[in-house]
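Engineer: What shape does this take:
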Amino acid sequence: MKRVLAIVIGAFVLSVQGLGLCESAARAGEAGVSVPVALPIDEYLVSQKDVLQITIVGETDLPTNFEVSERDGTIKYPYIEYVKVVGLTVQQIEKLVTGLLKPDWYVEPGVNAMVVKYTEKLCYVQGKVNKPGQFSFTGQNKMTVYRAIIKAGGFADNANEKKVRLTTTDDKGRPVIKTINVADIMKKTPALDPQIKANDIIDVPESFF
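Structural biologist: Just a heads-up that it's a prediction; the model follows:
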């Protein structure tokens with residue numbers, strides 16, 4: 001009987017602690033604390049200075065780790081020389097390397113790729129936020145417009161939350177400016193918070209109303 005009572009009490013204590021952790025997490029969200037969110041591997045786009053591990057099933061004599069060139073976004077892979085991988089997912093890199101190795105070097109190479117080192121990235125938040133400046137995030141963590149604004153101390157009292165400007169680049173590296181309604185994202189569609197890339201600029205304008 002005493003043992004059963006001890007188990008029941010222990011379970012109750014654990015449940016209370018669990019509730020406390022949940023409440024703490026909720027308070028952190030309400031306070032605007034930016035919690036890193038892991039980016040799914042099939043969404044992460046490889047960047048300059050990332051380190052890739054690329055292996056071929058059954059092949060032990062080839063090098064396996066390759067740093068992505070900061071200059072042109074390539075890696076130098078045996079047999080096929082310079083391969084541009086920046087902006088690709090690891091699945092796309094596997095398919096690309098497989099295609100380049102066939103049929104001259106391997107009949108059906110089993111290519112596996114993964115990121116073993118993510119380079120640190122910077123974004124910039126300016127305008128009507130409480131702590132404008134540059135902020136870093138690692139590649140495996142998803143950084144979005146609103147999360148970057150949270151890092152910058154949140155919106156100032158006179159911020160126009162509906163017309164936040166995001167300066168980013170398209171698939172060809174050309175500058176693109178987008179207007180983001182962050183107020184709407186916060187209230188209705190947090191899942192649509194735009195993901196940002198290295199060196200993106202977020203500008204929060206002043207509200208005159």
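Engineer: Nearest to the spatial middle of this protein, which residue is it?
Structural biologist: Central residue of the chain (Cα atoms, centre = their mean): Lys142, 2.8 Å from the mean position.
Engineer: That one against Ile196, yeah?
Structural biologist: No. Contact criterion Cβ atoms under 8 Å: Lys142 and Ile196 do not qualify, at 9.3 Å. No exception for glycine: its C-beta is placed from N, CA and C like everyone else's.
Engineer: all strands of the chain, in order?
Structural biologist: 37-38, 51-56, 65-67, 74-77, 81-84, 111-117, 120-127, 133-138, 141-142, 164-169, 175-180, 201-204 (DSSP state E).
Engineer: Spit out the contact partners of Val46.
Structural biologist: Shown in contact with Val46 (Cβ atoms under 8 Å, 6 or more residues apart in numbering): 52, 68, 85-90, 93, 115.
Engineer: run the last query once more with 6 Å
Structural biologist: Each residue near Val46 by Cβ atoms under 6 Å, 6 or more residues apart in numbering is listed here: 85-86, 88.
Engineer: Can you give me the pLDDT of the residue nearest to the centre of the chain?
Structural biologist: Predicted confidence (pLDDT) at Lys142: the value is 78.
Engineer: That one and Ile177: what is the separation?
Structural biologist: 22 Å (Cβ to Cβ, to the nearest Å).
Engineer: before we move on, the earlier item: so which of the contacts of Val46 wins on neighbours?
Structural biologist: Neighbour counts for the contacts of Val46, by other Cβ atoms under 10 Å, peak at Val85, which reaches 27 neighbours.
Engineer: now Val115, nearest residue through space, not along the chain?
Structural biologist: Asp50 (5.6 Å; Cβ to Cβ, 6 or more residues apart in numbering).
Engineer: and the one you found, how many neighbours?
Structural biologist: Around Asp50 there are 22 other residues, counting by other Cβ under 10 Å.
Engineer: who are the neighbours in contact with it?
Structural biologist: Going by Cβ under 6 Å, 6+ apart, Asp50 touches 68, 115, 118-119.
Engineer: possible to save those as TSV with neighbour count and pLDDT?
Structural biologist: As requested, the contacts of Asp50 are arranged in TSV below (neighbours: other Cβ atoms under 10 Å; pLDDT from 0 to 100):
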residue	neighbour count	pLDDT
Val68	23	96
Val115	20	94
Tyr118	18	90
Thr119	17	88
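Engineer: taking the residues you listed one by one, which sit in helices?
Structural biologist: Cross-referencing the contacts of Asp50 against helices under DSSP state H gives no overlap.
Engineer: so which pair among those is furthest apart in space?
Structural biologist: Val68 and Tyr118 (10.8 Å; Cβ to Cβ).
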